[in-house]
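Peer 1: Would you be able to build a 3D model of this:
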Amino acid sequence: MISRRNFAMISLIMLVLLGLFMFTEAAKQELNKYDSNPYTGDVEKGGESDQVYQVSDSTESAYSVYIGEDSSEIEMTVEQWSGYHHSNLLTYTSCEDAKMDAEHKPEFIVIQGSSIEESDVDIIGDWIQQGAYIIFADMPSLKLIKGNETLRAYLGISEVYQDEVELTGMSLREGFLIGGAGDYVEDTDYEEDMQDLDLTTPWYLLSSGTKMYLAGEIEDEDYKEYFGEDNFNNYPTAFLPGIIWRNSIDDARVFVVNGDYMKSDTGIGLLYAMEYEVSGFQIYPVVNAQSTVMTAYPTFASENGEQMNQIYSRDAISVLRDIVWPGLVEIMTNTNSRMTFMLQTRIDYSDQTAIDVGDIAMLMRFLGIQETEAGLSLGGKGTLSSLEQLQQDKEIYDTYLPDYTFQTAYIGTQDAGDVQSVLSEEGYTDVSTMLRDYEANGEIFSYLSDDTLLLSSINTGSSHTYSEDLRARSIETAFAYSLISEDLSEVIYPTTKEQEWQNLYEKLSSYCVALFQQYDAFDELTLSETSQRVRDYFQADYEIRREGKAITLTSAEDSGYFIFRTHGEKIVEIEGADYEKLEDDAYLISLHSKSVTITMDQESEVYYYEGN
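Peer 2: Have a look, this model is predicted:
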């Protein structure tokens, strides 16, 4: 039995706790202005596009050479990498036409293998004798490879074992792309939906002196049949088909890509990884931003009522508020992230269901409590143009969100220049960042004008195939960057079971949690914060010098982020920056001074690099 004294003490404690909770909520209500954007001012606009590195054909600074078809997908990838990498690019359509600076060798000679002929093999051999770093961005014809022993020796192919083999999947080796090893073999029904890699390939057996980065996988029983059970037990990976590998010939290095991986922005990360493989160490600037964007959320009309009642037994507003929002909060909590939400007043602008203005303040309060950001979504259904949609939405925003400054806009697949004109016409001059859907071979980020940045989605959270995983790893390696977008209009207008929230949530949650855990050293940011990081990245101006154990990084700014990769060396001390280990031999460097000194545990030769 509880005594009166104990009862009074328990009651007092409960009253104190109740008061604390009430005070905390009252403070949130008072201190958080849910009708204003907390990220206003995070983006510094004005003239930054002048700072973007302009790729030229000069050989006075670092440069690479591309040989192949003009304006090919491979050339587009190499040109993008050159711009991000602060290096120049010389392009030729044939090996015979290529001219090299004898005193200043290129960083890489990138060859479109499918374009070479037998007469080019001797020219390539001369470059190899000179110690060149060569990349075959795709394969020469199978006929040429089989018929030319010298070319096979350059490529590191000992034998074309079969003209064609059907792989069970592929395996990415650890230490090439940042993010660890990758297993692209389907073991479950769920993984079967993820398999979209090209699994039909010639079976190239590699020579000694080669290093495999991406290997084809085959059935164990086939392996035993081809090479014997002893070889399978003692050398379980020695005879696997080569997909991406490197051959070493004296001082020369020859990288070979068997597939289309260099024909998209996946190739940008591969080029950074190849540079690491031929360098004593590697330091380069990165964005350091992981951003998650929900488009067409929230909306404020209870549309598609019949289907909503059939699936969820409630109207669309209740679905967004009571079912979708708690799931999004759980994802943000589990990933320690803050999403960006792209508003539109309704999804289908041909539907005249009334806007529930009472829900605007409530849903914006939800966003404010989680310290998220709201932007504009310009991708509604129906026949309205972006201008007409924006005019309808603007009436609502001006009335119920008059103090909210929109800095970001989602444009889907629309022309960015056209949308920029519409935004300006309607007075949305504060929009300085636009987000578009992923586009193969499109730029990952670029300036639309001096003030406006155009970002591309990298992946959607509900679709996660093996090729998308490889692309995500490549982009993370190159930029410490990801941008996940998800179109939540599908929840209100689902056409498949997979688009219903319970199924969409499962995929979105598992992908976001897995990605952010894999790259947990990188910062999770809103879209405006990410935009500023990209602007800072574009303006990176730095020099790297090494003498003995000391590496000196001199930057024009006293802030910024760099990835630092070594080959077994350890950091003893660092001054002027903080660092965090990403994985073995890979670190994220965060500057807080214009001069950074990294002391290593091993001596090295003198090295100098200028990136501006």
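
Peer 1: Parallel or antiparallel, which strands does the longest strand anywhere in the chain pair with?
Peer 2: In the chain, taking DSSP state E as the definition, the longest strand is strand 157-166. Here strand 157-166 has these sheet partners by DSSP bridges: strand 200-206 (antiparallel).

Peer 1: how about the partner strand: buried residues?
Peer 2: 201-206 (16 or more other C-beta atoms under 10 Å). Heads up, the C-betas are built off the backbone N, CA and C, glycines and all.

Peer 1: Ok, stretch 389-398 next?
Peer 2: Using 16+ other C-beta under 10 Å as the test for burial, stretch 389-398 gives 389-390, 392-393, 396-397.

Peer 1: contacting residues for Asp430?
Peer 2: Applying C-beta atoms under 8 Å, 6 or more residues apart in numbering to Asp430 gives the contacts 40, 405-407.

Peer 1: Would you agree it falls within a strand?
Peer 2: No - assigned with DSSP: H, G, I helix; E, B strand; the rest coil, Asp430 falls outside any strand and is coil.

Peer 1: what about it, distance to Asn441?
Peer 2: Computed as C-beta to C-beta, to the nearest Å, the Asp430 to Asn441 distance reads 31 Å.

Peer 1: Give me the contacts around the helix or strand hosting Ser510.
Peer 2: Assigned by DSSP states H and E, Ser510 belongs to helix 501-518. Here helix 501-518 makes contact (C-beta under 8 Å, 6+ apart) with 179-180, 290, 292, 312, 319, 323-324, 327, 330-331, 334-337, 459, 461-464, 472, 482, 484, 486, 490-491, 497-498, 524.

Peer 1: on that earlier part again, okay, the buried residues of strand 200-206 in TSV with distance to Asn88 and pLDDT next?
Peer 2: Shown next, in TSV, are these (distance: C-beta to C-beta, whole Å; pLDDT from 0 to 100):
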residue	distance to Asn88	pLDDT
Thr201	34	96
Pro202	34	96
Trp203	38	94
Tyr204	33	95
Leu205	37	92
Leu206	33	93
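
Peer 1: what about Ala586, how many residues close to it?
Peer 2: Residues lying near Ala586 (other C-beta atoms under 10 Å) number 18.

Peer 1: what does His86 give?
Peer 2: Counted with other C-beta under 10 Å, residues neighbouring His86 total 19.

Peer 1: Now it: phi and psi?
Peer 2: With angles defined as degrees, to the nearest 10, His86 sits at phi 60, psi 50.

Peer 1: Am I right that Cys95 is in a helix?
Peer 2: No - assessed with three-state DSSP, Cys95 is coil; it does not lie in a helix.

Peer 1: got the contact list for it?
Peer 2: Per C-beta under 8 Å, 6+ apart, neighbours of Cys95: 67, 111, 116, 120, 123-124.

Peer 1: if I look at it, how far off is Gln54?
Peer 2: According to C-beta to C-beta, Cys95 stands 27 Å off from Gln54.

Peer 1: about what we covered before: neighbour-wise, give me the winner out of the contacts of Asp430.
Peer 2: In terms of neighbours by other C-beta under 10 Å, the contacts of Asp430 top out with Gln407 at 26 neighbours.

Peer 1: can you pull the pLDDT of that one?
Peer 2: pLDDT, Gln407: 94.

Peer 1: cool, and Ala301?
Peer 2: 90.

Peer 1: hang on, the earlier thing: just the buried residues of stretch 389-398 now: which is nearest Tyr297?
Peer 2: Asp393 (14.0 Å; C-beta to C-beta).

Peer 1: Which residue, other than its chain neighbours, is closest to that closest one?
Peer 2: Once flanking residues are discounted, Asp393 sits nearest to Thr345: 4.8 Å by C-beta to C-beta, 6 or more residues apart in numbering.

Peer 1: Who are the contact partners of that neighbour?
Peer 2: The contact partners of Thr345, taken as C-beta under 8 Å, 6+ apart, are 299-301, 355, 392-393, 396.

Peer 1: continuing past the helix holding Ser510, what's the next helix or strand?
Peer 2: helix 527-538.

Peer 1: any idea of the angle the helix or strand containing Met76 forms with helix 527-538?
Peer 2: Met76 belongs to helix 73-85 when assigned by DSSP H and E. When axes from the mean of the first three to the mean of the last three C-alpha atoms, to 10 degrees is applied, the directions of helix 73-85 and helix 527-538 differ by 90 degrees.

Peer 1: Going by neighbour count, list what's buried in helix 73-85.
Peer 2: Here helix 73-85 shows 73-78, 80-85 as buried, counting by 16+ other C-beta under 10 Å.

Peer 1: again, but for stretch 53-70
Peer 2: Applying 16+ other C-beta under 10 Å to stretch 53-70 flags 53, 55, 59, 62-68 as buried.

Peer 1: will you turn those into TSV that also has secondary structure, distance to Glu217 and pLDDT?
Peer 2: Below are these laid out as TSV (DSSP: H, G, I helix; E, B strand; the rest coil; distance: C-beta to C-beta, whole Å; pLDDT from 0 to 100):
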residue	secondary structure	distance to Glu217	pLDDT
Tyr53	coil	39	82
Val55	coil	38	88
Thr59	coil	42	85
Ala62	coil	37	90
Tyr63	strand	37	93
Ser64	strand	32	95
Val65	strand	34	97
Tyr66	strand	31	97
Ile67	strand	32	97
Gly68	coil	30	96
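
Peer 1: from the residues you listed, which single one is nearest Gln282?
Peer 2: Gln282 lies nearest to Ala62 out of the buried residues of stretch 53-70, by C-beta to C-beta, at 13.3 Å.

Peer 1: for the closest residue to the closest one other than its chain neighbours, phi and psi?
Peer 2: Spatial nearest neighbour of Ala62, excluding adjacent residues (C-beta to C-beta, 6+ apart): Ser87 at 4.1 Å. Main-chain torsions, Ser87, degrees, to the nearest 10: phi -140, psi 170.
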